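Visitor: Okay, sequence plus prediction incoming.
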Amino acid sequence: MTDSSFQDDVLTELGDDRLQEIAGLLGTDASGAQELVGSSVAELSGELRQAAAEPASADEVRAAVDEVASAEPPLQGVATFGGLAAGGLMAGVLAKLARPAASAVAKRTGLPPATVNRAVDILVPVVVAALTKRAASMKGGGSGLGDLLGGGTKK
């Protein structure tokens, strides 16, 4: 699996309505919103991998991955209702990483940081839903962070 397939999973989970919401927020079309989602997901994935490699946060990330891997798959569209019951630890970890990820995306794209922050905030529960679905589809196989995000973990 590659990061782009994880990005595709997030876009699928996001749905057209939320994608249009992000497009409206950015003042762009669906294609522009997809680009921002792709950049944001890549940045969040990188931040998550980096946090997993840091001694100070590795245990928290591992516990969040374990929680996602053991959770039941979310109901279809649950992410559109503002969160997931099973998103606990992972949602918290991603929320901590959202600001640095949004800042990096804002710098790279030239978009206003506040706007990118709002878009990334919309994405956090969607990313948790996509991770949970991926973990559920891997039952019996590996479900470490690298497996969930696609590719190996950064060490």
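Guide: Ah, there it is. On a predicted model such as this, the values are computed, not experimentally measured, just so you know. Numbering: from 1, shown residues only.
Visitor: Assign a three-state SS to the residue nearest the centre of the chain, would you?
Guide: In the chain, the centroid-proximal residue (C-alpha atoms, centre = their mean) is V127; its distance is 3.1 Å. Recorded secondary structure, V127: helix (DSSP: H, G, I helix; E, B strand; the rest coil).
Visitor: Could you number the chain from 40 rather than 1 from now on?
Guide: Let's use 40 as the start, then, which means that last one is V166.
Visitor: any idea how far P94 is from it?
Guide: Distance, V166 to P94, by C-beta to C-beta, to the nearest Å: 24 Å. (C-beta placed from N, C-alpha, C; glycine too.)
Visitor: from memory the residue nearest to the centre of the chain sits against E82, does it?
Guide: No - the pair V166 / E82 is not scored as a contact, 11.1 Å apart, by C-beta atoms under 8 Å.
Visitor: Wait, V49 touches A81, no?
Guide: No - assessed by C-beta under 8 Å, V49 is found out of contact with A81, at 10.2 Å.
Visitor: More neighbours: these two, which one.
Guide: Taking other C-beta atoms under 10 Å, V49 and A81 do not tie; V49 has more neighbours (22 against 18).
Visitor: tell me which element that one is part of?
Guide: helix 42-65 (DSSP states H and E).
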